[in-house]
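A.B. asks: build me a structure from this.
(2 chains)
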Amino acid sequence: MDIVAGSSRAVAAERRPIRHLDLMLLVIAGLLSAAGIALIYSANRSLAAIDLDPTVNVKKQIAGIAIGVVLLLLIVAFDYRFLKVYAGLFYGITLLGLILVQTPLGTNVNGAQRWFQFAGFQLSPAEFAKLSLIGLLAAMFSEIKHRDMELSDVIRGVAVAVPPMVFVFIQPDIGTSIVVAAILVGVLVVAGAKAKHLIAIGLTAVILAVGAFQLGVIKDYQVERLTAFFDSETDLAGANYNRDQAEIAIGAGGLTGRGYLSGTQTNLDFVPEQHTDFIFTVAGEEFGFVGSVGLLILFGILLWRAIRISSLSKDMFGTYVAAGIASMWVIQMFVNVGMVIGIMPITGIPLPFVSYGGSAILTNFIAVGLLLSIHMRRFTGSPR
Amino acid sequence: MLALFVVLMFAALTVRLWYLQVLASDDLVRDAQNNITRIVETDTIRGKILTSDGKVIVGNRGSIEIRVEEDKLGDNPEAVVSRLTRLLELKPSAIPEALADLRYYDYQPVPVDFDAPRRAVYYIAEHARRFPGVSWEEVKVRTYPMGDRAAHILGYTSPVYAEDLEANKGYDQNDVIGRGGLEQQYEKWLRGEEGFIKYEVNSAGRQTRTLGEKRSVPGKDLIISIDSELQAAAEEALDYGMEQAQNVFDEETNKNLLADAGAVVVMDPTTGAIEATVSRPSFDPAEFVGGISEKRFEALESKRRGQPIFNRVTQGEYAPGSAFKPFVALSAIRNGVASLGQSYDCPPTYSVPKDETTVFHNWSDVSLGFLDVAGSLRESCDTIYYDWGYQFYDRYYGTKDAKDPAEPLQRDLRQWGFERPTGIDLPTESVGNLPDDAWIEGLYEVGEANFDFNIPGDYIQMAIGQGGVLGTPLQLATAYSMLANGGKCVVPHIGTEIRDPNREDKPKALQPRCKNSRTPLPYSQSDLQYIRDALVDVIREGTAQTAFAGFGGSIAGKTGTSQREGEQDFSWFAAMTPAEQPEHVVVVVVEHGGNGSETAAPIARRIVEHIEGIESDDFIIGEAID
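C.D. replies: Now for the predicted structure:
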């Protein structure tokens, strides 16, 4: 603790970092979460027709947000740099979680072994694994000082990213493993990895993916989903059904939408998994082009703030953490919205803050907390 | 770099959203609508057909139809089919044959049995797992309370096939459509309107609420001009007459007359309403209920079996023989070929001028002396008509510049309705033929005519209703109707009224109108009366005299006998009754029935006796003259 006496400005910042709270980021996260609640309610109101409580998921989502806010406040209160110290520990814990979820401790839902059932909540270790990976990568790369990134650094990064990627993949959750890969790439790019190294890694990944496909590691339905995207005329009721229904819902919204709670595709459950991965269709149908683009603008601001925080951060650890978070959100948003509107293959990736899902919402609020913490403490030195 | 990626990504997403939500939105909105509604059709009931005296000739009843969807039969389709065959007590081949019917799409449920017993349906319902792809439906089928009465005009109903869906709007695969006859002709009214209930459904197909309902509207009843009693009398008369003719020895062929087919049409000459129509041989329209097998349908169409399904009244093309003469006579008078004040020699033979080697014979081999126009009809003198025919030929071809594009005899005959559709309200009708320059040339071009030889011969034979002349019994009845009504055009028709069974509204009257016909025809009433009087003489003292011996009614008529190479003669009779102001025209033709006076005239007599309420069992085979 070396507080510099005499520098009133620094002292003030140190004492009351809250002055540097990125209010806009907080507001955007709040708006997106609120939009999520509204859209989840709309997506679920058809449950009433089959005598189920249409608000049950909304209530769970609100509970998730409440817990998320508490975590956010805790993180904001502490210095983000504690994550650097415990990055390895967190990484280890989440990796253990990913392994344990494959044991009978985990719960199988729709054929995917992804969750721990936990006092009415389902906890998905994969969500937290993304954050712990960001922390570990940031910690690793921030140690590289006064020299360029070498191939060995890149390989070390890949080495820590591959285990969670593989474990998430076998759940199976292709979407999250793509996010994990994107985080790795994002942090590598910001950390200054050389283009040739990145290309070499990319080619290796492609070769491995082809190999996995040849060996049948990738399941048939996964291949089908991915390839269906390139062959839109086949199997309308099967793999392309989701996408077609999603496009119909989005397109039916037109310029200004059908009005909140008036989307017929939404109401009648034509779009599957609508409160989770396909939540964007509700916005598209009920609020139209104006609403969809409005939602995208909120995400734009969110990412702008994250990238800004990354570049303003005083230490490299903060820069990398923020970049990792930005990468995570970018890829999730792009793949999620992209698949809903038919420009990306269907992979199960939730839309940050908006999709229903407790673990995801907690992860995102923790991420916001980290960003806020980085931003607030950009004038302060290391806690030690 | 991250920022650049974010910008590009936003651009891509926004462009795509713009496309979906603004450019392609209309289509997608429509898709969305289709997504959420299911329409369940509610059946309607087809209109009945009733005779002019109010009796149901085509009605309805319920029937259980068993349907099979081939692609849903499961892992062991043979077992399901054989189980179903045994349950329904069908022939082993029945279901495979029905399923092989190319008229159904693969995904269509194919009807395999109708009038299935309820217990079979209960059994299938109770053992649904053993009958995958099998369903049943209560359908309405046609009933024929009068049996095979007037079978040829009724038509039938059958399921809509794939090709119908393309040709007819507003049908779907579960509908029934009228085919042939009145069922087809009046489909629009008889059909009714199916109702539907529109449901909103969710993705699981569960009905969430009713969006709208349209009640089905039953089809309208069709009232036809057929009088059930006259129809019965006409059928009995023809059947009886053919039976009697079969006992008559035919000297030319050295065997009894075959009299194996025939037709009768009774028509109101003022309105064109068909009061009775018979075609023999016949069939039972109930055979079509529940679908007729292809084999059976072929049998009904088979020439060897006399084409029972073929309606000889509207489709049978025959040389009308001497029954044609009144119209030739009127044309001869109109064109100055013949004149009422003159008498004409009736020798047994006629030699073609400028070609003395070609000789045509009268039906009689003795000279009948000099006859006026009325006499030529009364005695049915062929040789007088041969000469008139030749004169028409000579006028047309005899002088270089006389080639009137409308040959006058043919023009006049067309005005009576020959070689023209009569316009009857049935889907198919033959138009017959009149030999003319164009026809001859057509034949010549295809090598079927010797141009130089045939033309005078065709004209000569045309004058006695032979040669290339072909007409349907209905055309002849129409021509006689115009003769009877003073030359006014009539359109024969069967449908008279469309009546809504559930409403007291005034029924809609069907009023056929004449098209493309000069009316009245360009003959003086006195000329027409002259011809009608001549036809009364035919009955009193002419060719039909013996057949009408002792007849108590008032009638005018004309016999006809037409020859076909290598066949027994066809017997014709056309009558108008009562003679003074005809209310009915009766035309009878019997294939291989001998002379007109032998078979057709006595049949006509029985029908007219029925009309006039004359009690008589007489059936006098007339003297074998024309």
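A.B. asks: do a quick rundown of the helices in the stretch 351-500 of chain B.
C.D. replies: Counting by DSSP state H, counting those that start in this stretch, the stretch 351-500 of chain B has helices at residues B:373-378, B:382-397, B:408-415, B:437-445, B:451-462, B:473-484.
A.B. asks: for the first one, which outside residues touch it?
C.D. replies: Surrounding helix B:373-378, the residues in contact under the criterion CB atoms under 8 Å, 6 or more residues apart in numbering or on different chains are B:325-326, B:329, B:332-333, B:338-340, B:342-344, B:346, B:371, B:381, B:384-385, B:530-531, B:533-535, B:537-538, B:541-543, B:558. The way it works is simple: take the backbone N, C-alpha and C, and place the C-beta from them, glycine included.
A.B. asks: pLDDT at A:Gly324, what is it?
C.D. replies: A:Gly324 is assigned a pLDDT of 95 by the prediction.
A.B. asks: leaving out sequence neighbours, find the closest residue to it.
C.D. replies: Setting aside the residues directly before and after it, A:Gly324 is nearest to A:Ile134 in space (CB to CB, 6 or more residues apart in numbering or on different chains), at 3.4 Å.
A.B. asks: three-state assignment of the one you found?
C.D. replies: helix (DSSP: H, G, I helix; E, B strand; the rest coil).
A.B. asks: can you report how many residues neighbour it?
C.D. replies: 30 (other CB atoms under 10 Å in any protein chain shown).
A.B. asks: contact partners for B:Ile95?
C.D. replies: Counting by CB under 8 Å, 6+ apart, B:Ile95 makes contact with B:Val68, B:Val81, B:Leu84, B:Thr85, B:Val112, B:Asp113.
A.B. asks: ok so the fifth one is a strand residue?
C.D. replies: Yes. Under the criterion used here (three-state DSSP), B:Val112 sits inside a strand.
A.B. asks: what does the pLDDT read for whatever residue of the stretch 201-350 of chain A ends up closest to chain B?
C.D. replies: Chain B sits closest to A:Gly251 of the stretch 201-350 of chain A, with a gap of 2.6 Å, by CB to the nearest CB. A:Gly251 is assigned 83 on the pLDDT scale.
A.B. asks: and the residue nearest to it when sequence neighbours are not counted, what element?
C.D. replies: Excluding its sequence neighbours, the residue lying closest to A:Gly251 (CB to CB, 6+ apart) is B:Leu28, at 2.6 Å. B:Leu28 is part of helix B:25-36 when elements are defined by DSSP states H and E.
A.B. asks: now that helix: mean pLDDT?
C.D. replies: Rounded mean pLDDT across helix B:25-36 is 73.
A.B. asks: likewise for stretch B:378-385?
C.D. replies: When pLDDT is averaged along stretch B:378-385, the result is 95.
A.B. asks: same thing with stretch A:65-75?
C.D. replies: Here the average pLDDT along stretch A:65-75 is 94.
A.B. asks: identify the residues contacting it?
C.D. replies: A:33, A:37, A:358, A:361-362, A:364-366, A:368-370, A:372-373.
A.B. asks: from those residues, which one has the minimum pLDDT?
C.D. replies: A:Gly358 (85).
A.B. asks: so the nearest residue in space to it that is not next to it in sequence, which state does it fall into?
C.D. replies: Taking CB to CB, 6+ apart, and ignoring the residues beside it in sequence, A:Gly358 has A:Gly64 as its nearest neighbour in space, at 4.1 Å. Classification of A:Gly64 by three-state DSSP places it in helix.
A.B. asks: residues from the stretch 101-250 of chain A in reach of chain B?
C.D. replies: Within the stretch 101-250 of chain A, the positions near chain B by CB under 8 Å from any CB of the partner chain are A:Gly186, A:Val189, A:Val190, A:Gln245, A:Glu247, A:Ile248, A:Ala249, A:Ile250.
A.B. asks: OK, contacts around the fifth one?
C.D. replies: Spelled out, it's A:Glu247. A:Glu247 sits in contact with A:Ile341, A:Gly342, B:Leu20, B:Leu28, where contact means CB under 8 Å, 6+ apart.
A.B. asks: restricted to helices, list those residues.
C.D. replies: Of these, the ones assigned to helices by DSSP state H are B:Leu28.
A.B. asks: show the buried residues in the contacts of A:Glu247.
C.D. replies: Neighbour-count burial (16 or more other CB atoms under 10 Å in any protein chain shown) applied to these gives A:Ile341, A:Gly342, B:Leu20, B:Leu28.
A.B. asks: can you give me the helices for the stretch 1-150 of chain B?
C.D. replies: B:2-18, B:25-36, B:77-88, B:94-100, B:118-126.
A.B. asks: for chain A, what's the nearest residue on chain B?
C.D. replies: B:Leu28 (2.6 Å).
A.B. asks: got the residues of the stretch 251-384 of chain A near chain B?
C.D. replies: A:251-255, A:264-265, A:268-270, A:272, A:284, A:288-289, A:292-293, A:296, A:300, A:303-304, A:307, A:310, A:323, A:326-327, A:330, A:333-334, A:337-338, A:341-343.
A.B. asks: what is the longest helix of chain A by residue count?
C.D. replies: Every helix in chain A considered (DSSP H), the longest is helix A:279-312.
A.B. asks: can you dump the C-alpha atoms of the host helix or strand of A:Phe365 in PDB for me?
C.D. replies: Assignment of secondary structure by DSSP H and E places A:Phe365 within helix A:358-376. Extracted in PDB, the C-alpha atoms of helix A:358-376 (Å, rounded to 0.1, in the frame of the first residue of the first chain):
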ATOM      1  CA  GLY A 358     -29.400 -18.000 -14.400                       C
ATOM      2  CA  SER A 359     -25.700 -18.900 -14.900                       C
ATOM      3  CA  ALA A 360     -25.500 -16.700 -17.900                       C
ATOM      4  CA  ILE A 361     -27.000 -13.700 -16.100                       C
ATOM      5  CA  LEU A 362     -24.600 -14.200 -13.200                       C
ATOM      6  CA  THR A 363     -21.700 -14.500 -15.500                       C
ATOM      7  CA  ASN A 364     -22.600 -11.300 -17.300                       C
ATOM      8  CA  PHE A 365     -23.200  -9.300 -14.100                       C
ATOM      9  CA  ILE A 366     -19.900 -10.500 -12.800                       C
ATOM     10  CA  ALA A 367     -18.300  -9.400 -16.100                       C
ATOM     11  CA  VAL A 368     -19.900  -6.000 -15.700                       C
ATOM     12  CA  GLY A 369     -18.600  -5.800 -12.100                       C
ATOM     13  CA  LEU A 370     -15.100  -6.600 -13.400                       C
ATOM     14  CA  LEU A 371     -15.400  -3.900 -16.100                       C
ATOM     15  CA  LEU A 372     -16.700  -1.400 -13.600                       C
ATOM     16  CA  SER A 373     -13.900  -2.300 -11.200                       C
ATOM     17  CA  ILE A 374     -11.300  -1.900 -13.900                       C
ATOM     18  CA  HIS A 375     -12.700   1.400 -14.900                       C
ATOM     19  CA  MET A 376     -13.000   2.800 -11.400                       C
END
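A.B. asks: report the angle between the axes of it and helix A:279-312?
C.D. replies: Using axes from the mean of the first three to the mean of the last three CA atoms, to 10 degrees, the inter-axis angle of helix A:358-376 relative to helix A:279-312 is 30 degrees.
A.B. asks: other SSEs contacting helix A:358-376?
C.D. replies: Here helix A:358-376 touches helix A:23-44, helix A:56-77, strand A:121-123, helix A:125-142, helix A:279-312, helix A:316-340, going by 3 or more CB pairs under 8 Å, 6 or more residues apart in numbering or on different chains; DSSP states H and E.
A.B. asks: out of those, the one nearest B:Val359 is which?
C.D. replies: helix A:279-312 (93.0 Å; CB to CB).
A.B. asks: mean confidence for the closest one?
C.D. replies: Per-residue scores along helix A:279-312 average to 93.
A.B. asks: how distant is it from the center of its chain?
C.D. replies: Centre-to-centre, helix A:279-312 and its host chain are 14 Å apart (CA atoms, centre = their mean, to the nearest Å).
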